[in-house]
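*Asks:* Need coordinates for the following:
(one chain, ligands or ions: 1)
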Amino acid sequence: MSTDKTARIYIDTKRVISEISPLLFSGFAEHLGRCIYEGIYDPASPQADEQGLRKDVLAALRELNFRSMRYPGGNFVSGYRWEDGIGPKDQRPRRRELAWQSLESNQFGTDEFMRFCREIGAEAMLAVNLGAGSIQDAANLVEYCNAPPGSQYADLRAENGQKEPYGVKYWCLGNEMDGLWQIGHLDAAGYAVKAREAAKMMKLHDDSIELVLCGSSSSKMPSYPDWDRIGLEECWELVQYHSMHYYADNLEKDTPSYLGLSAALEDYVDTVAAVLRYVKAKTRSRHDVYLSWDEWNVWYKAREEADRRGDWKEAPHLLEEVYNLEDALVVAQWLNVFLRKSNVVKIACIAQIVNVIAPMLTSADDLLKQTIYYPLLMFSQMASGNSLDLLVESPRYETKKFGDMPLLDVSSAHDAGAGANTIFIVNRSLTERMPLEIHWQDVKPKRVTSAQQLTGSDPKAHNSWDNPKQITAQAIYAPRIIDGVAELSLPPLSFTALGVEL
Ligand code: AHR
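*Replies:* Numbers count the residues shown, from 1 in each chain. Below you'll find the model as predicted:
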């Protein structure tokens, strides 16, 4: 092992991994707890606009610049009757919602969601119910959203105020159908056939839609990765994306291992990508399927049984995870992985966007930005163009879970059109500052235009209503670049994003 304490990053803008899909910066909103009601939609709040949408939440979501939004679930979708959520609000049924044992008022449904997407400039990504729902229900929803007026469901949409088709492009074929907890759970072969038939009907309505097949609901499932192979073999030609879900935890209270999590995330992508290659070869196909990591985040503190039951209340407080500094460093690494694997991961939706395992929490009239808000913000604002394959020389450390790991976790984006290069760096050390040199090999960079950092001395530090700014991204002194080399010193437990003009 090298005893050199200095880390070095070598950048060559010709070493391109792939174009970065803007959809990597997407979100997920489910009818769960206070995500929709009291989060997005809260007519009783002084923050509500004339449509009942929370202005403060809209502003934060616009700042996060989510490119698409997955909806309405999650586990919720597998019991959802989408027709409950359209038409005059006073005629919409109140129902017992089984997945989270809550009461669903249906005051927010497909049309409200489409308006919400328009407000924040995100594309809709709708999930259809392949649990208790039928393939006919799924096809009817595509007709409602995408068919021109002149048939039953398209005319219903027009009656509800939207004459022009919405043209929803992205559709998920159910949710976590491999899980026994899922309403209407199926085995792999059963799901594969139902998804294939739903896809067929949906595409007969609109051949331009792009479909996401349900992959394993985590790499810990006993049926993984067979589930993925079986579904893909059946549906390969019909789908454009295959989903991945994963929630990270530090239940073992082992922060050094927790901070090494990108090793497990990359391994997960590599395995599912290998399944994609296998199925493509087996089916002798010329078609490609990419990955949609459409649920990802840290989730373990609010995960007890009681956190998951709404006691048949409307908008109960469920899954209101509080995020600390180490969680934010894991989130930053996840985003690094998306860039490093951008040749195969094309969609990623953080689960979720407000109140429920989310970067922000609301009270009746206020909004709190959690620690994980900041890495999301830095990436979604700064990562564009191509992702670069870097050479990183880093001092290493030992973890119980992943063995020997580099102390730095790094990714980089090069936007040739904008003449900009961005570098995202996590220092996993709990105690040591890290001297760092960045060397540009094929270009002469002009200057560092922005330098932001999220750090703190306590990995468990978090923001609260009393102390909302304890952990935020701060502008730091921009290092000078001399002879194509920038030198800086990274504090322990830190995430740094540098924007460079080339
Ligand atoms: O995001 C919370 C839940 O996690 C979703 O409803 C489900 O898909 C996953 O298990």
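
*Asks:* Please name the nearest non-neighbouring residue to the residue of the stretch 51-200 of the chain found nearest the ligand.
*Replies:* Checking the stretch 51-200 of the chain residue by residue against the ligand with Cβ to the nearest ligand atom singles out Gly74 as nearest, at 2.9 Å. Where C-beta positions appear, they are placed from N, C-alpha and C, glycine not excepted. In space, Gly74 comes closest to Glu30 once its chain neighbours are excluded; the distance is 3.5 Å by Cβ to Cβ, 6 or more residues apart in numbering.

*Asks:* these two touch, right, that neighbour and Tyr71?
*Replies:* Yes. Here Glu30 reaches Tyr71: they are 7.3 Å apart, a contact under Cβ atoms under 8 Å.

*Asks:* Please say which of those two ends up with more neighbours.
*Replies:* More neighbours sit around Tyr71 than around the other of Glu30 and Tyr71, counting by other Cβ atoms under 10 Å; the figures are 31 against 26.

*Asks:* Confirm for me that that one is in contact with Ser26.
*Replies:* No. With the criterion set as Cβ under 8 Å, Tyr71 and Ser26 do not qualify as a contacting pair; they are 11.0 Å apart.

*Asks:* any shared contact partners between the two?
*Replies:* Taking Cβ atoms under 8 Å, 6 or more residues apart in numbering as the contact definition, Tyr71 and Ser26 share the neighbouring residues Met125.

*Asks:* Close to the ligand: what parts of the chain are there?
*Replies:* The chain has residues 30, 73-75, 175-176, 217, 295, 351-352 near the ligand, with proximity defined as Cβ under 6 Å from any ligand atom.

*Asks:* Now rank the residues you listed by neighbours and give me the top one.
*Replies:* Ranked by neighbour count under the definition other Cβ under 10 Å, those are headed by Asn175 with 29 neighbours.

*Asks:* Show the pLDDT at that residue.
*Replies:* Reading off the per-residue confidence, Asn175 sits at a pLDDT of 98.

*Asks:* tell me the SS of it?
*Replies:* The three-state label for Asn175, taken from DSSP: H, G, I helix; E, B strand; the rest coil, comes out as coil.

*Asks:* List the residues that contact it.
*Replies:* 73-75, 77-78, 127, 130-131, 182, 214.

*Asks:* Helix or strand next in line after the longest helix seen in the chain, which one?
*Replies:* Longest helix in the chain, counting residues (DSSP state H): helix 262-282. Tracing the chain C-terminally past helix 262-282 and defining elements by DSSP states H and E, one meets strand 290-298 next.

*Asks:* How far off centre is that next one?
*Replies:* Centroid displacement of strand 290-298 relative to its chain, using Cα atoms, centre = their mean, to the nearest Å, is 5 Å.

*Asks:* how far does the following helix or strand past it sit from the chain's center?
*Replies:* Using DSSP H and E, the helix or strand that follows strand 290-298 towards the C-terminus is helix 325-340. Centre-to-centre, helix 325-340 and its host chain are 11 Å apart (Cα atoms, centre = their mean).

*Asks:* so what strands line up beside the following helix or strand past helix 325-340?
*Replies:* Helices and strands here follow DSSP H and E; after helix 325-340, the next one along the chain is strand 345-351. Taking DSSP bridges as the criterion, strand 345-351 sits next to strand 26-28 (parallel), strand 290-298 (parallel) in its sheet.

*Asks:* which other residues reach the next helix or strand after strand 345-351?
*Replies:* The element immediately downstream of strand 345-351 (helix or strand, assigned by DSSP H and E) is strand 360-362. Taking Cβ under 8 Å, 6+ apart as the criterion, the residues outside strand 360-362 that touch it are 34, 38-39, 42, 45, 54, 56-57, 60, 320, 353-355, 367-370, 373.

*Asks:* Which of those fall in helices?
*Replies:* With helices identified by DSSP H, the entries of the contacts of strand 360-362 that belong to them are 56-57, 60, 373.

*Asks:* Now, of these, which are buried?
*Replies:* Among the ones in helices among the contacts of strand 360-362, those classed as buried by 16 or more other Cβ atoms under 10 Å are 56-57, 60, 373.

*Asks:* Reformat those residues into JSON lines and put distance to Phe379 and pLDDT next to each item.
*Replies:* What follows is these, written out as JSON lines (distance: Cβ to Cβ, whole Å; pLDDT from 0 to 100):
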{"residue": "Asp56", "distance to Phe379": "22", "pLDDT": "98"}
{"residue": "Val57", "distance to Phe379": "20", "pLDDT": "98"}
{"residue": "Ala60", "distance to Phe379": "15", "pLDDT": "98"}
{"residue": "Tyr373", "distance to Phe379": "11", "pLDDT": "98"}
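
*Asks:* Out of the residues you listed, which is nearest to Ala158?
*Replies:* Compare each of these with Ala158 using Cβ to Cβ and the shortest gap goes to Val57, at 29.1 Å.

*Asks:* For the ligand, what's its nearest residue on the stretch 251-400 of the chain.
*Replies:* With Cβ to the nearest ligand atom as the measure, Ala351 is the residue of the stretch 251-400 of the chain nearest to the ligand, at 4.2 Å.

*Asks:* surely Asp42 meets Lys55?
*Replies:* No. When contacts are counted by Cβ under 8 Å, Asp42 is not listed as touching Lys55 (10.0 Å).

*Asks:* shared neighbours, the two?
*Replies:* With Cβ under 8 Å, 6+ apart applied, the overlap between the contact sets of Asp42 and Lys55 consists of Ala48.
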